[in-house]
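> let's see this in three dimensions:
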Amino acid sequence: MCGRQSLRNVLRSSVTAIMAVTFALGGLAATASPAEASTPRVLAVGTRYPAAIERWRPLVKRYFPHTDHGKVPRRIQQEALAIIQWESGGSPSSRPMDGIWQLSRSHGTRAQRVNAATATRIAARLYLCQGYRWRPSWATARRLGLR
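Numbering: from 1, shown residues only. You can find the predicted model right below:
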């Protein structure tokens, strides 16, 4: 009986630890904290982001891959705006990296990263070069559940 009880306690503490790590990494947990409730998510197509984010939609439409009809799919627009919201809150001068996309130094000069149009063009090129995927360039994509 003692052996079983010890095993149960070990399993119980292991499950608790796994749930804590999963929650810390942005995974699903049984209950959501107030901080998680305010975490940016990809909004449904047709839903508008706050004005600080929506102001970047024309750049996303301009630079991201177009369909045969000459338009950027709304799903890609929403995903791009969710990444912008998470990484910079729409502020082109946000830190620790610069610009709305929070591109690293390997993606261009500071002037290029701070210039929203140039940074969006670079982000679109990365998205295209990765086979129309957000990962692995954006860790944010994992947090938002994007591929």
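> would you map out the domains in this protein?
Listed domain ranges for the chain are 1-36, 40-144 (source: automatic domain parsing).
> could you tell me the least trusted of the ones you listed?
Lowest mean pLDDT within the domains of the chain: domain 1-36, at a mean of 43.
> thinking again about what came up before, mean neighbour count added to the domains of the chain, as a markdown table?
(C-beta placed from N, C-alpha, C; glycine too.) Listed next are the domains of the chain as a markdown table, based on neighbours: other C-beta atoms under 10 Å:
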| stretch | mean neighbour count |
| --- | --- |
| domain 1-36 | 10 |
| domain 40-144 | 16 |
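> tell me the helices in the protein, going along the chain?
2-24, 34-37, 51-54, 57-63, 74-88, 110-114, 116-129, 139-144 (DSSP state H).
> identify the residues contacting the fifth one?
Going back to what we said before, that points to helix 74-88. 39-47, 49-50, 53-54, 56-57, 60-61, 64-65, 90, 94, 99-102, 123, 127, 134, 138, 140-141, 143-144, 146 (C-beta atoms under 8 Å, 6 or more residues apart in numbering).
> if we use 7 Å, what do you get?
For helix 74-88, contacts defined as C-beta atoms under 7 Å, 6 or more residues apart in numbering pick out 40-43, 45, 49, 53, 56-57, 60-61, 64, 90, 94, 99-102, 134, 138, 140-141, 143-144, 146.
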